[in-house]
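*Asks:* With the sequence up front, the predicted model follows.
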Amino acid sequence: MRIAMVTETFPPEINGVALTVAGLAQGLREAGHTVQVVRPRQADDDVDTDENGPDVLVRGARLPKYPGLQFGLPTARRLRKLWKDERPDAIYAATEGPLGYSALRAARALGIPAATGFHTRFDDFARHYGFGFLTPVVFAYLRRFHRQGAATLVPTIELRDFLIENKFGDVVLLRRAVDNALFSPAHRDEALRAQWGLKPGQLAVVYVGRIAPEKNLPLAVRTFREVQKIRHDARYVWVGDGPSRAALAAENPDFIFAGIQRDANLARHFASADLFVFPSLTETFGNVTLEALASGLPTVAFDYGAAREHLNPGCGRRVPFGNEDAFVRATLDLVRGDVTRADIRAAAVGAVAELEPAAVAAQFAKLLAGLPRLGTKITGNGNLREGAT
């Protein structure tokens, strides 16, 4: 198949959407499909780009209050010309910004089947960045956007049911993958732990993600301070960056800030820790949960997204959504039970062992190949409805 993937974010930008889209593109290419990625130009990109190459670069602008990310500017006319000359078999619009909307307009004009991906609850983000009054408007826009495609792909049953209930149209489940070769307990590095100031037997708690208001950071700090009352020598390692980092570091001088880590270095940081505590309430999925489990880390997270789908009592704790006291108690329960036990680490790895990237990419290709022509519909399980043309 010839597949065009349209996204406003892509590596080396680090976020769940960028890494998920890149992983899907890589999996499709490894399976023999031709993949064209349409995305905003980044600082390190060459000025000249072959439009028939793997990446088509468009103009973008920085996202307000979200440094390091941008959105693509409207470009429907260019995409219509591009895809008229080199017609893809299917289009996947991974993001809901102006570039994604342009892609859906071009797909409709050319009669090309198109699917969308629901990766981010931007209506929740508005509340955390001082625009809570816009939440209903943002949600209405998201619904209107996704109804332009033949199907909306989501990573969890919970989100699928929520979007169907809210009339988002045809919503189809596509599981997320995790690279179990990259993220593995085998990458534990005692030299790295020594750099963190840890001696053998000391406890390392790790945070991985954007250090920003929407991640519920006060609960992360509160939880760790309670852990310290049990394990006085515990250290808290923060992997990532964001607008809250400077204030967090100033208020907590004993925290270790490792900055942004990628690929093998990120895998080393995961595997070299002992416990992953993830207090965020704004994830659409939460890829880091899968990466932590694959790395053998017992995990504490709220009961939604990736945690609801994959986190079981043998390898961590799911906590009722928003119950912060229960979150702290669950973490302390794990620490008292010794999170470094071999059986807990093995259970964590086993919980995500079947989420192989190749299998997920194959399912993705099958879904795209089955997208209906204009005027047809897909059922929630990914099958054409009876009577569709």
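*Replies:* Okay, I see it.
*Asks:* quick one: Glu291 and Asn180 touch, right?
*Replies:* No: Glu291 is beyond contact range of Asn180, at 9.9 Å (criterion: C-beta atoms under 8 Å). For every residue, glycine as well, the C-beta is placed using N, CA and C.
*Asks:* who's more crowded, the two?
*Replies:* More neighbours surround Glu291 than the other of Glu291 and Asn180, with 24 against 19 (other C-beta atoms under 10 Å).
*Asks:* Not counting its neighbours along the chain, what's nearest that one?
*Replies:* Phe183 (4.7 Å; C-beta to C-beta, 6 or more residues apart in numbering).
*Asks:* Helix or strand: which one has that neighbour?
*Replies:* Using DSSP states H and E, Phe183 sits within no helix or strand.
*Asks:* One more: Thr95?
*Replies:* Thr95 belongs to no helix or strand when assigned by DSSP H and E.
*Asks:* what's the single longest strand in the chain?
*Replies:* Of all segments of type strand in the chain, defined using DSSP state E, the longest is strand 34-40.
*Asks:* so what strands line up beside that strand?
*Replies:* Next to strand 34-40 in the sheet, as set by DSSP bridges, lie strand 2-6 (parallel), strand 55-58 (parallel).
*Asks:* Could you tell me the least trusted of the ones you listed?
*Replies:* Looking at those, the lowest mean pLDDT belongs to strand 55-58 (a mean of 92).
*Asks:* List the contacts of that strand.
*Replies:* Here strand 55-58 makes contact (C-beta atoms under 8 Å, 6 or more residues apart in numbering) with 36-41, 45, 49, 72-73, 75, 78, 82, 99.
*Asks:* one more time with 10 Å, if that's ok
*Replies:* With C-beta atoms under 10 Å, 6 or more residues apart in numbering as the test, strand 55-58 has contacts from 4-6, 8, 10, 25, 35-42, 45-51, 72-75, 78-79, 82, 86, 98-99, 102.
*Asks:* Using PDB, write down the CA coordinates of it.
*Replies:* What follows is strand 55-58, C-alpha atoms only, in PDB (Å, rounded to 0.1, in the frame of the first residue of the first chain):
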ATOM      1  CA  ASP A  55       8.900  13.200   4.400                       C
ATOM      2  CA  VAL A  56       7.000  16.200   3.000                       C
ATOM      3  CA  LEU A  57       7.800  19.300   5.000                       C
ATOM      4  CA  VAL A  58       5.300  22.200   5.400                       C
END
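*Asks:* Report the distance from the longest strand of the chain to the chain centre.
*Replies:* The gap between where strand 34-40 is centred and where its chain is centred comes out at 19 Å by C-alpha atoms, centre = their mean, to the nearest Å.
*Asks:* how about it: buried residues?
*Replies:* Buried residues in strand 34-40, counted by 16 or more other C-beta atoms under 10 Å: Val35, Gln36, Val37, Val38, Arg39, Pro40.
*Asks:* could these go into a markdown table alongside distance to Ala234 and pLDDT?
*Replies:* A markdown table is the format used below for the buried residues of strand 34-40 (distance: C-beta to C-beta, whole Å; pLDDT from 0 to 100):
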| residue | distance to Ala234 | pLDDT |
| --- | --- | --- |
| Val35 | 44 | 97 |
| Gln36 | 48 | 96 |
| Val37 | 42 | 96 |
| Val38 | 45 | 96 |
| Arg39 | 40 | 94 |
| Pro40 | 41 | 92 |
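*Asks:* if we can go back for a sec, tally of neighbours for the residue nearest to Glu291?
*Replies:* When counting by other C-beta under 10 Å, one arrives at 24 neighbours for Phe183.
*Asks:* Arg235 is in contact with Ala194, isn't it?
*Replies:* No: taking C-beta atoms under 10 Å as the definition, Arg235 is not a contact partner of Ala194, at 11.6 Å.
*Asks:* Among the two, which residue is more densely surrounded?
*Replies:* In this view Arg235 and Ala194 are compared by other C-beta under 10 Å, and Arg235 has more residues nearby, 21 against 12.
*Asks:* first vs last residue of stretch 266-286, how far apart are they?
*Replies:* Chord length of stretch 266-286, first to last residue, is 16 Å (C-alpha to C-alpha, to the nearest Å).
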